[in-house]
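Peer 1: attaching a predicted model along with its sequence, questions to come.
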Amino acid sequence: MTRKQEGKPFSIATENHGDVSVNFRHRALREPRLQIGIPQGGETVFFNVNTTRGRAVSFRQQEILRELQTVVGQRLDQQEQGESGSTPTQSLVLANKLLGDNLGRLDQVAASSDTDNFRKHTKSNPIRQVALEGFHSRAEATIARLEVSSVLDAGCGEGFTLSRLQSSLPERQFEGLEYSRKAIGIGREMHPNVVIRQGDIGDMPYPDNSFDLVTCFEVLEHLDNPQAALRELKRVTNQYCLLSVPNEPYFQLTHLLTGKNVKRLGNDREHIQHWSIKGFRKLVESEFNILEVSNPAFLWTMVLAEK
């Protein structure tokens, strides 16, 4: 007996646009499906646009979706004008609708999100995006070197960094903690595969020594009492802590050069603490043994410490 072939693709058309490829798949007895392929680690990884539900919200993914919408719209116009093309009109109509729906959801999420963290990860400032890439790469490389299995990201916001770390280091078990219920709601919508728990970094809902590693990225500068938060981070980790804060005054200077927060001389409206590399190191040394200090993109101070 032969296996039924109803679900097997019988029509596939591929569109290449820069470093992005698109597959329009038709399956018998199933709805057509649009896939976007993004190069990752030497291979092309596909995700289904019609199942993103507005979750693909990083700047790069938004950029890809908008580029694809332009390409699909151009091909659709060509076919409507009678020009021949390899992609079935049905696929183009579907692709155009799916892309428009997803981008519409992204715009709705963005309109209801006004945190500094959300803006930082979704705005298209090229300098900022390059700097963030350097920051994330440093964090990933540091965690990859550690023999840890459980990781808590304390003050994870909407989960941008948490989601990236979980994707790049799937052998580790990640969890996020965030105080803002609004940020948690946005994070769960955008990154449905990550675990984000509501809680206060000053009184975290975990027993002592719960995680092999606790990360805390760009949180301490927002706190009235960062010393108390450090003690709580120390309590919850059983070995390592990876911390980062803006490297001042260079962080503010970069804001001024890019026209951000000019009236406040580059100071972020949500930052109430300001540390140089030396100053932050002194703070961390009051609770931990410092193993490594790095300066990703020259804008942040990142400290790996041990309990």
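Peer 2: Arrived safely, thanks for sending. Because the structure is a prediction, the values reported are computed rather than measured.

Peer 1: do I have it right that residue 169 meets residue 143?
Peer 2: Yes: contact status for residue 169 versus residue 143: in contact at 6.0 Å, counting by C-beta atoms under 8 Å. For the C-beta atoms, the positions are set from N, CA and C on the backbone; glycine is no exception.

Peer 1: comparing the two, which shows the higher neighbour count?
Peer 2: residue 143 (20 against 16; other C-beta atoms under 10 Å).

Peer 1: tell me how far that one lies from residue 286.
Peer 2: 24 Å (C-beta to C-beta, to the nearest Å).

Peer 1: likewise for residue 173?
Peer 2: Residue 173 sits 29 Å away from residue 286, going by C-beta to C-beta.

Peer 1: what's in contact with stretch 200-217?
Peer 2: 139, 143, 146, 148-155, 161, 165, 175, 177, 179, 197, 199, 219, 223, 225, 228-229, 232-233, 235-244 (C-beta atoms under 8 Å, 6 or more residues apart in numbering).

Peer 1: oh, I was asking about stretch 296-307
Peer 2: Contacts for stretch 296-307 (C-beta under 8 Å, 6+ apart): 130-132, 134-135, 137-139, 142, 218, 234, 237-247, 250-251, 254, 275-277, 280-281, 284, 287-295.

Peer 1: residue 281: neighbour count?
Peer 2: 15.

Peer 1: what strand or helix carries it?
Peer 2: According to DSSP states H and E, residue 281 maps onto helix 277-285.

Peer 1: any buried residues in that helix, and which?
Peer 2: Residues of helix 277-285 classed as buried by neighbour count (16 or more other C-beta atoms under 10 Å): 277, 280, 283-284.

Peer 1: do the same with stretch 288-297
Peer 2: 288, 294, 296-297.

Peer 1: that older thread, buried subset of the contacts of stretch 200-217, written for PyMOL?
Peer 2: In PyMOL, this line selects whichever of those come out buried by 16+ other C-beta under 10 Å:
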select buried, resi 139+143+146+148+151+152+153+154+155+161+165+175+177+199+219+223+229+232+233+235+236+237+240+241+242+243+244
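
Peer 1: now, the contacts of stretch 200-217 that are in helices?
Peer 2: Those of those mapping onto helices are 139, 143, 161, 165, 228-229, 232-233, 235-236, per DSSP state H.
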